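In: give me a 3D structure for the following:
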Amino acid sequence: MPIECHAGLKVNVTSTGDAARTLLLHCTLARSEALLPLAKSLPGTSVLVDLLGHGKSQDWTGQGDYQTANMAAAVDLCDGPMHVVGHSFGAAVALRMAVDHPAKIARLTLIEPVYFALATDATARADHIARFAPIYAAYDAGDFETAARLFHGDWGGSAWDALPDHTRASFARRMPLIMAGVPAIQDDIHGVADRLSQVAVPVSLIRGEASPPVVRAIHGAICQALPHARDHVVAGAGHMVPMTHTAQVAALIVSDAQ
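Out: Have a look, this model is predicted:
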């Protein structure tokens, strides 16, 4: 269902029922349907939103900051404190919500938040920079397909060649959205790192055992700033853990909420 938020943004929203108390935010290059099985595995009612430029939401105009625009749309969907569950870039948006709009957050579940600026481990940061260098090079050369293939190799949940042609084309077309998130998550232009310790709500972190090392470093930095946070590792999983290991992720979320 299309909804126009107070910021004038039109986003597509899906709900599993009335009076939702859980908001789910998907990763870049996906859409809200990717998290629908997880939403249906959680107690109560959930609301899911397509990020800007994804699914049935409006295209990203390129004006302003991409993370801020998505956060504004997500905040408008919270009619009170909600449990916000985010994956990847969606988790980075959720964490920023908790810092900038604490009254809207009842608890946080962050599944592999790609807030790269938070990672302080030098080895993990070096590995992250090395992995992204060819992605940036291909993108800057205008070769979005190669950039998407390389990006998917580290962060996707399946082999690139196994994806349908239309999916590969869609990922390549949306690579500018990956780059639009860089100022917030790589450069931390909103100063989240300096304010992270202000988050007082319950926080659960979930990551895949086989994810890139920078994810573990990000989780470690968040746990250091928030000693009350709970960190979970799903054996055999990668970055797409909420889709590939839905039952395990749902069980962790439910257990932490009890």
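
In: relative to residue 22, how far out is the residue located most distally from the centre of the chain?
Out: The C-alpha centroid of the chain is most remote from residue 141, which lies 26.5 Å away (CA atoms, centre = their mean). Counting by CB to CB, to the nearest Å, the gap from residue 141 to residue 22 is 41 Å. C-beta coordinates here come from the backbone N, C-alpha and C atoms, glycine included.

In: likewise residue 93?
Out: 15 Å.

In: could you pull up phi and psi at the nearest residue to residue 233 once chain neighbours are set aside?
Out: Distances taken as CB to CB, 6 or more residues apart in numbering place residue 209 nearest to residue 233, at 5.4 Å, with adjacent residues excluded. The phi/psi pair for residue 209 (degrees, to the nearest 10) reads phi -60, psi -30.

In: domain parsing for this structure?
Out: 2-120+186-257, 122-180 (automatic domain parsing).

In: residue 57: how many residues sit nearby?
Out: By other CB atoms under 10 Å, the residues close to residue 57 number 22.

In: how about it, phi and psi?
Out: Main-chain torsions, residue 57, degrees, to the nearest 10: phi -80, psi 160.

In: dump the residue contacts of it.
Out: Residues near residue 57 by CB atoms under 8 Å, 6 or more residues apart in numbering: 10, 11, 12, 49, 50, 51, 73.

In: switch to 7 Å and redo it
Out: When contacts are counted by CB atoms under 7 Å, 6 or more residues apart in numbering, residue 57 touches 10, 11, 12, 50, 51.

In: on that earlier part again, and residue 93 and residue 22? Which one has more around it.
Out: Higher neighbour count among residue 93 and residue 22: residue 93, with 29 against 23, using other CB under 10 Å.

In: what about the helices in the chain?
Out: For the chain, helices defined by DSSP state H occupy the ranges 36-41, 66-76, 89-100, 122-140, 144-155, 165-173, 175-180, 182-185, 192-195, 213-225, 241-244, 246-257.

In: would you list the ones you listed in a markdown table and tack on mean pLDDT?
Out: Formatted as a markdown table, these follow (pLDDT from 0 to 100):
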| stretch | mean pLDDT |
| --- | --- |
| helix 36-41 | 97 |
| helix 66-76 | 96 |
| helix 89-100 | 98 |
| helix 122-140 | 97 |
| helix 144-155 | 96 |
| helix 165-173 | 96 |
| helix 175-180 | 97 |
| helix 182-185 | 98 |
| helix 192-195 | 97 |
| helix 213-225 | 98 |
| helix 241-244 | 98 |
| helix 246-257 | 97 |
